[in-house]
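S.K.: mind folding the following:
(2 chains)
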Number of protein chains: 2
Amino acid sequence: MTQAINTQTKAAFQALKCKECGAEYELQASHVCELCFGPLEVAYDYSALRRSVTRESIQAGPNSMWRYRQFLPVNSENPIDVGTGMTPLVRSQRLARRLGLNKLYIKNDAVNMPTLSFKDRVVSVALTRARELGFTTVSCASTGNLANSTAAIAAHAGLDCCVFIPADLEAGKVLGSLIYSPTLMAVKGNYDQVNRLCSEVANTHGWGFVNINLRPYYSEGSKTLGFEVAEQLGWQLPDHIVAPLASGSLFTKIYKGFNEFVEAGLVEGKPVKFSGAQAEGCSPIAQAYKEGRDFIKPVKPNTIAKSIAIGNPADGVYAVEIAKKTGGSIEAVTDAEIIEGIKLLAETEGIFTETAGGTTIAVLKKLVEAGKIDPDETTVVYITGNGLKTQEAVHGYIGEPLTIEAKLDSFEQALERSRTLERLEWQQVLV
Amino acid sequence: MTQAINTQTKAAFQALKCKECGAEYELQASHVCELCFGPLEVAYDYSALRRSVTRESIQAGPNSMWRYRQFLPVNSENPIDVGTGMTPLVRSQRLARRLGLNKLYIKNDAVNMPTLSFKDRVVSVALTRARELGFTTVSCASTGNLANSTAAIAAHAGLDCCVFIPADLEAGKVLGSLIYSPTLMAVKGNYDQVNRLCSEVANTHGWGFVNINLRPYYSEGSKTLGFEVAEQLGWQLPDHIVAPLASGSLFTKIYKGFNEFVEAGLVEGKPVKFSGAQAEGCSPIAQAYKEGRDFIKPVKPNTIAKSIAIGNPADGVYAVEIAKKTGGSIEAVTDAEIIEGIKLLAETEGIFTETAGGTTIAVLKKLVEAGKIDPDETTVVYITGNGLKTQEAVHGYIGEPLTIEAKLDSFEQALERSRTLERLEWQQVLV
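M.R.: Numbers count the residues shown, from 1 in each chain, chains lettered A, B, ... in the order given. As a prediction, the model looks like this:
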């Protein structure tokens, strides 16, 4: 164990620190404490941040997540910035009314640059750090979105890339990696098996695995989803957030992001409830929360929400802890509810999200119905990926086009039929 | 013919004006001059804009296209703002090197909010204006992206929506409309037939067709692609732009946008070359340009670039005029070159675009090879839509995943095989 020393620059990140025993390590590519096997996390000099960062200095930065560079674990003055982040925070009107909420906001990473999921944030940090640490090949174990993002940003940065996915992923996610020409390994098995294989490869090939040996740096990228929401709310924290849970990392890092903004004097501290969303077909974190356990029992995933189907979630216990201590909740929903969630968000707000987002909207609805979200709370729901990547999930649930001839009477007949059908549906509702 | 009067607000838009004869009309839902059948365009009071708009006032506005509200034809203080626009302008490194350019930028509307194409800009304006004019049902004739956008933003705004597309569109574009629950009419015919049908419907149903009776307002939204590039280049105009040509409207409005910024004193005036891109399978504008004609001969489209497959382009002659007078060029490329263009952009920059973007990149390459773009010109290439919507186009051209067991030796064997293959490919290249 060596005290971290960072003499090259004045960056505020200082060491890797074990989340369990507090042991400190140099800022290398490692993610597990040698003493207690706890996960390592990046530690910062917050007093330095308080002195050097202001709202104005952030606003004068780029229109991307890199405006928060001083809160991220990179030395480089020129990080890999492809315009990732600063996605819209949309004030919801119609979804809010439908649910009976007065102050609902949607943070929409379904339009994140370049690959339409929040993973572009974590990968931007991981690959910038990988380059600083001298890696020339980068890799990941992925449920799809991470592979898309790693392949794309590696292409942009000119790094060699080999990504690993479960072999049964959605077509859009497979093609959404292949297009960038990485080496793509489709593993016959679920994500947890992919992840175990990658841990072995990381030990033998000297590659930078963004979510294994680079995980402490990588995961810090998710803090920007906290920072941006605080800035976009006018330098205020919300009252309640709802986010999807896969490994649990995103959830813990939004929490860390809010706290760092308070610590740095950028926003007023206040209680924020953290609620998490899982699919019933893979809900080890929701189960632990429900049963009051402080440990996770791994499960074998079986859900359409493949991007969050992690049966043995690395940060699950921390997610449970945060939900409990903030007065939030963790809920799971069925695949049918997930599809309804996707449709509800599309029909009311014009945002098409993938299954993870459907899960989050369905859980938001469930929490409101259970009285666990006050109508007047400023609530932010995190949409983390785009529906065009999981088109299979909604096939057969969204109707069909009305096929017509290019003639006015053919159109009029089709319109009349569809209106009659709508009236009939309404009558059925009324009966 | 009546002089337009706009007494309600101090908005700078004053009248609809015929592009051909200059006749002025009230700011209603109409798009054709009653005197000469020329297209109508929105006219502004530029001296008022010069007095009221500054770089600072724009920067203090929202982080969306609505920061340029005073240059857009709406009265509302609360336009339909879902966070559309302010997409990244990426400084290209690897594509630029590959092509031998020194100052290449990519304006990436493939991540535009909410539906991943530049159409979200024009629809945001059209639906805001539709609401002001009292329409409750909105509609469009579309090659796919416009239908996605109209359906999504109508859902957000709570407007009834009926969209028309050719029946043979890509699956992603059909689903990308249906998900928002509009009435979707799939017309057996090409876009030009769809468009003719819609012109008839517009006359009989009293609907707001964004690209027919609302076209003068709608098309103004594309100016924001000019405004944003100028602002993102540090309040400067580029030397050369390359954009796709479908109806030709986008091209003419980027031009108008640059000129308005000069007129309003926000940037220095300078020559900007305008080059346009078409697919050979539908290149009526490129043909007119090549043959020195000042009229368009309509063609029957046959190309994979369906989103720009307009055989009878409404603004084609104006596009030719602008390319000529600015010293730009208009080129067409084959479907094979379009696929190569999609792959080239993905592999070098990590940006996955649809066929229209592939067309634009392929034309960019062609222009460089022909010596029509100077390596030191500040060149901006417009990417207008996302590749996830036209996945069919690249199927069979992007390789396959390597399927392996979840075991280290299975991975090692696959890796060795892929490296051997790569070496063989290189040897073939060297022979």
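
S.K.: so who does residue A:412 touch?
M.R.: The contact partners of residue A:412, by Cβ atoms under 8 Å, 6 or more residues apart in numbering or on different chains, come to none. Backbone N, C-alpha and C define where each C-beta goes, glycine included.

S.K.: that one sits in which helix or strand?
M.R.: helix A:408-430 (DSSP states H and E).

S.K.: now residue A:42
M.R.: Residue A:42 belongs to strand A:40-44 when assigned by DSSP H and E.

S.K.: using CSV, write out every CA atom in that strand.
M.R.: Output of strand A:40-44 as CSV, limited to C-alpha atoms (Å, rounded to 0.1, in the frame of the first residue of the first chain):
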residue,chain,number,x,y,z
LEU,A,40,-11.5,1.2,-4.8
GLU,A,41,-12.9,4.7,-5.4
VAL,A,42,-11.3,8.0,-6.4
ALA,A,43,-10.6,10.4,-3.6
TYR,A,44,-10.3,14.2,-4.1
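
S.K.: report the distance from the helix or strand following that strand to the chain centre.
M.R.: Counting by DSSP H and E, the next helix or strand C-terminal to strand A:40-44 is helix A:46-52. In terms of Cα atoms, centre = their mean, to the nearest Å, the gap separating the centre of helix A:46-52 from the centre of its chain is 27 Å.

S.K.: against which helices or strands is helix A:46-52 packed?
M.R.: Secondary-structure packing of helix A:46-52 (3 or more Cβ pairs under 8 Å, 6 or more residues apart in numbering or on different chains; DSSP states H and E): helix A:249-263.

S.K.: so residue A:277, which of the three states?
M.R.: Secondary structure state of residue A:277, per DSSP: H, G, I helix; E, B strand; the rest coil, is strand.

S.K.: now the helix holding residue A:412, how far from the chain's geometric center?
M.R.: Put simply, helix A:408-430 sits 40 Å off its chain's centre (Cα atoms, centre = their mean).

S.K.: what segments of the stretch 201-350 of chain A are strands?
M.R.: A:208-209, A:240-244, A:273-279, A:330-333 (DSSP state E, counting those that start in this stretch).

S.K.: so what are the sheet partners of the second one and their directions?
M.R.: Here strand A:240-244 is paired, per DSSP bridges, with strand A:273-279 (parallel), strand A:379-383 (parallel).

S.K.: what's next to it, contact-wise?
M.R.: So strand A:240-244 is in contact with A:229, A:250-251, A:254, A:272-278, A:308, A:328, A:356-357, A:359-360, A:363-364, A:367, A:373-374, A:377-382, A:384, going by Cβ under 8 Å, 6+ apart.

S.K.: what sits against residue A:76?
M.R.: A:128, A:131-132.

S.K.: I'd guess it is in a helix, am I close?
M.R.: No: according to three-state DSSP, residue A:76 belongs to no helix; its state is coil.

S.K.: where does chain A have its least confident helix or strand?
M.R.: The least trusted helix or strand in chain A, going by mean pLDDT, DSSP states H and E, turns out to be helix A:408-430, with a mean of 86.

S.K.: go through that one and flag the buried ones.
M.R.: A:410-411, A:414-415, A:418 (16 or more other Cβ atoms under 10 Å in any protein chain shown).

S.K.: and what of stretch A:273-283?
M.R.: Neighbour-count burial for stretch A:273-283 [16+ other Cβ under 10 Å]: A:273-283.

S.K.: pull up the residues of the stretch 251-400 of chain A that are close to chain B.
M.R.: Residues of the stretch 251-400 of chain A lying close to chain B by Cβ under 8 Å from any Cβ of the partner chain are A:342-343, A:346-352, A:386-389, A:391, A:394-395, A:398-400.

S.K.: what about residue A:167, how many neighbours?
M.R.: Using other Cβ atoms under 10 Å in any protein chain shown, residue A:167 has 17 neighbouring residues.

S.K.: which one is it nearest to, not counting chain neighbours?
M.R.: residue A:186 (4.1 Å; Cβ to Cβ, 6 or more residues apart in numbering or on different chains).

S.K.: residues contacting the one you found?
M.R.: Going by Cβ under 8 Å, 6+ apart, the list of residues near residue A:186 reads A:165-167, A:169, A:174, B:401-404.

S.K.: for chain A, give me the ranges with low pLDDT.
M.R.: Residues of chain A meeting the criterion pLDDT under 70: A:1-10, A:429-431.

S.K.: tell me the domain ranges of it?
M.R.: For chain A, the TED database gives the domain ranges A:13-71, A:89-116+A:221-393, A:118-215.

S.K.: among these, show me which one is buried the most.
M.R.: domain A:118-215 (a mean of 24; mean count of other Cβ atoms under 10 Å in any protein chain shown).

S.K.: hang on, the earlier thing: so which of the buried residues of helix A:408-430 would you say is closest to residue A:265?
M.R.: Using Cβ to Cβ, residue A:418 comes nearest to residue A:265 of the buried residues of helix A:408-430, at 57.3 Å.

S.K.: got the contact list for that closest one?
M.R.: A:402, B:183.

S.K.: adding distance to residue B:143, write the domains of chain A out as a markdown table.
M.R.: Shown next, in a markdown table, are the domains of chain A (distance: least, Cβ to Cβ, whole Å):
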| stretch | distance to residue B:143 |
| --- | --- |
| domain A:13-71 | 30 |
| domain A:89-116+A:221-393 | 17 |
| domain A:118-215 | 21 |
